[in-house]
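**Q** output the structure for:
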Amino acid sequence: MNSLSHLPTPTPRTGGQILVDQLLAHGVQQLFCVPGESYLAVLDALHDASIAVTVCRQEGGAAMMAEAQGKLTGRPGICFVTRGPGATNAAAGIHIAHQDSTPMILFVGQVARGAMGREAFQELDYAAVFGTMSKWVVQIDDPARVPELVARAFQVATSGRPGPVVVALPEDMLTQAASVADAQPFAVPETHPGAAELATLQQRLQAAQRPIAIVGGSRWSAEAVQQFEAFALAHALPVACSFRRQMLFSADHPCYAGDLGLGVNPRLLARIREADLIVLVGGRLSEVPSQGYELLGIPNPGQPLVHVHADADELGRLYRPELAIHATPQALAAALAQLPVPSPAPDRARADEAHADYLRWSDPAPIRIPGPLQMGAVMQHLREVLPADTIFCNGAGNFATWVHRFWPFRHYASQLAPTSGSMGYGLPAGVGAKRLWPQREVVVFAGDGDFMMHGQEFATAVQYGLPLIVVLLDNAMYGTIRMHQEREYPGRVSGTALKNPDFRAYAQAFGGHGERVERTEDFAPALARARASGMPAILHCLLDPEAITPAGTLQGLRDAALARR
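**A** Numbering: from 1, shown residues only. Here you go, the predicted model:
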């Protein structure tokens, strides 16, 4: 006799209802969407479900909000979009989740099963469209398989190196009924380091004279960060954070050496190149943190390398480590916490020197740029008045340097920034963060070109009463591209100039709070009014176009380029 024959037959449910019940079974509390007729049955099932639905203004923004929640929690962010143009609009968020190793599930509508293969209205082959930027793409053709395949989607999105999963939902499948039991909640196994690997790691650290650790990737937690910080302190180990992963090690920690991103502190790069042991934990050391794959040799790094990663396929993929440890950062940090404290205590001189280098590099006080608005003073004021656990969000552009270099990230889950360099990410990420943790302060840094990529999501912030603050730096250009343009084609400005709206009026038109900041002395009172307003706010900060970076000007770039000719 079948061992399950004694169980009652489940009540028939539509595919849409079964799907929503699976989301609840897996602990989903929030999702983001732009509605579409292709998944009306899901929207109907959500009507009576205890899942908070955030209705967004564009699918790219919805996907980025979901990705941001996945990044903050380590659980899959959930996004629903309609077929065809809705799905392709969401592609930017999928690409971010892929390159940032973020767990996320995109549910996308599909044409009816009987119309497939005819290039029906808005039909796409999702495996072909998303296959190179997703961990898995699946179409559910049978409502009875919804529990099985959704459970697998959660497992795939969170296991090994996390990433996005795309689940296609034929419209007629969602209205078809089936009798099937719900799946058990997903649980992600931790891969632990072996005792021999830990012993070897400890021996290598004790023998090294100039070690340094680089932390990155995902599969961390607040506890893991604290455990790794304690380990670094006990071993006097300087620690650098990978590109846009500064929330993985407190800037206040005496072993913190800075971050490996764009415009890196030259002293940090020299420290890594001089190291006689590099311990890479969680990250892949991809193009940006590796400084265009020039920091270490490929495949032979040229320096002793210990690489710890949750996905065995990443170990040795680019760099051949002397010690490869297949373990999640959380499992590694827990194991390191059990190791005995070194005796005698290691010499702290190199760690102290590395931290002192970071403090000098990240001090905004000496920074002077052209124009009446001094961003060094702005950053100093933010450091003085904002809570230490403020969540900073940004997209892509030179403006982000002000955050990455001068804001001291001190807490896990306080940074939302795309390692893929995707513009328009900051505002949707801020909405996702504020929906998740409304009690936390959320600040979005954006450039003028960057903001307008998903500026319509300011309406979403207003609709849901999310009092985030947007610090919008306006220099009337796509600044990063203009910077490269002046380096390569000096004086030949083409395709980078912008004519912008009055962003203060923009904020007010949406029902938010707006401020215009033209001088340094305007910023502090404008920020105070914005924080007191209780509304989503935009501080429209006008920058001199010459102030292209904290350390350089457009004219300086042009002159240097012309001198090379």
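
**Q** now the strands for the stretch 51-200 of the chain?
**A** Counting by DSSP state E, counting those that start in this stretch, the stretch 51-200 of the chain has these strands, from start to end: 52-55, 77-81, 104-110, 136-139, 164-170, 177-178.

**Q** out of these, which gets nearest to Cys33?
**A** strand 77-81 (4.0 Å; Cβ to Cβ). Glycine gets a C-beta too; all of them are placed from N, C-alpha and C.

**Q** using CSV, write down the CA coordinates of that closest one.
**A** Backbone C-alpha positions of strand 77-81 (Å, rounded to 0.1, in the frame of the first residue of the first chain) are rendered in CSV as follows:
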residue,chain,number,x,y,z
GLY,A,77,13.2,38.8,-3.2
ILE,A,78,10.0,38.3,-5.1
CYS,A,79,8.8,40.1,-8.2
PHE,A,80,5.9,39.5,-10.5
VAL,A,81,5.7,41.0,-14.0
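
**Q** average pLDDT across stretch 180-191?
**A** With pLDDT averaged residue by residue, stretch 180-191 scores 95.

**Q** any idea how far it is from the chain center?
**A** Taking the mean of its C-alpha atoms, stretch 180-191 sits 25 Å from the chain's own mean (Cα atoms, centre = their mean, to the nearest Å).

**Q** for stretch 14-24, same thing?
**A** Using Cα atoms, centre = their mean, the distance from the centre of stretch 14-24 to the centre of the chain it belongs to is 28 Å.

**Q** would a markdown table of the strands of the stretch 51-200 of the chain with distance to Arg440 and mean neighbour count be doable?
**A** Rendered in a markdown table, the data for those read as follows (distance: least, Cβ to Cβ, whole Å; neighbours: other Cβ atoms under 10 Å):
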| stretch | distance to Arg440 | mean neighbour count |
| --- | --- | --- |
| strand 52-55 | 16 | 16 |
| strand 77-81 | 17 | 30 |
| strand 104-110 | 21 | 28 |
| strand 136-139 | 32 | 19 |
| strand 164-170 | 25 | 27 |
| strand 177-178 | 41 | 16 |
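
**Q** in TSV: those strands, plus distance to Pro8.
**A** Written out in TSV, the entries for those read as follows (distance: least, Cβ to Cβ, whole Å):
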stretch	distance to Pro8
strand 52-55	31
strand 77-81	30
strand 104-110	29
strand 136-139	29
strand 164-170	27
strand 177-178	15
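
**Q** so which of the ones you listed gets nearest Pro372?
**A** If you check each of the strands of the stretch 51-200 of the chain against Pro372 by Cβ to Cβ, strand 52-55 wins as the nearest, at 38.6 Å.

**Q** send me that closest one as CSV with only the CA atoms.
**A** As requested, C-alpha coordinates have been extracted for strand 52-55 and formatted as CSV (Å, rounded to 0.1, in the frame of the first residue of the first chain):
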residue,chain,number,x,y,z
ALA,A,52,2.2,42.9,1.3
VAL,A,53,2.1,43.8,-2.3
THR,A,54,4.0,46.8,-3.6
VAL,A,55,2.6,48.1,-6.9
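
**Q** where does the stretch 351-500 of the chain dip in pLDDT?
**A** Segments of the stretch 351-500 of the chain classed as low confidence (criterion: pLDDT under 70) are not present in this model.

**Q** quick one: the strands in it, in order.
**A** 391-394, 415-416, 442-447, 469-474.

**Q** so which of these comes closest to Pro289?
**A** Comparing these against Pro289 with Cβ to Cβ, the closest turns out to be strand 415-416 (14.6 Å).

**Q** who's in contact with that closest one?
**A** For strand 415-416, the external contacting residues (Cβ atoms under 8 Å, 6 or more residues apart in numbering) are 68, 71-72, 244-247, 391-394, 409, 425-426, 429-430, 432-433.

**Q** ok, 10 Å please
**A** For strand 415-416, the surrounding residues in contact (Cβ atoms under 10 Å, 6 or more residues apart in numbering) are 64, 67-69, 71-72, 100, 241, 244-248, 391-395, 403-404, 407, 409, 425-426, 428-430, 432-433, 442, 444.

**Q** now the strands of the stretch 351-500 of the chain in TSV, with mean neighbour count and distance to Lys135?
**A** Below are these laid out as TSV (neighbours: other Cβ atoms under 10 Å; distance: least, Cβ to Cβ, whole Å):
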stretch	mean neighbour count	distance to Lys135
strand 391-394	28	24
strand 415-416	26	21
strand 442-447	28	28
strand 469-474	27	32
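
**Q** I'd like the ones you listed as JSON lines, with distance to Gly194 appended.
**A** Below are those laid out as JSON lines (distance: least, Cβ to Cβ, whole Å):
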{"stretch": "strand 391-394", "distance to Gly194": "36"}
{"stretch": "strand 415-416", "distance to Gly194": "32"}
{"stretch": "strand 442-447", "distance to Gly194": "41"}
{"stretch": "strand 469-474", "distance to Gly194": "47"}
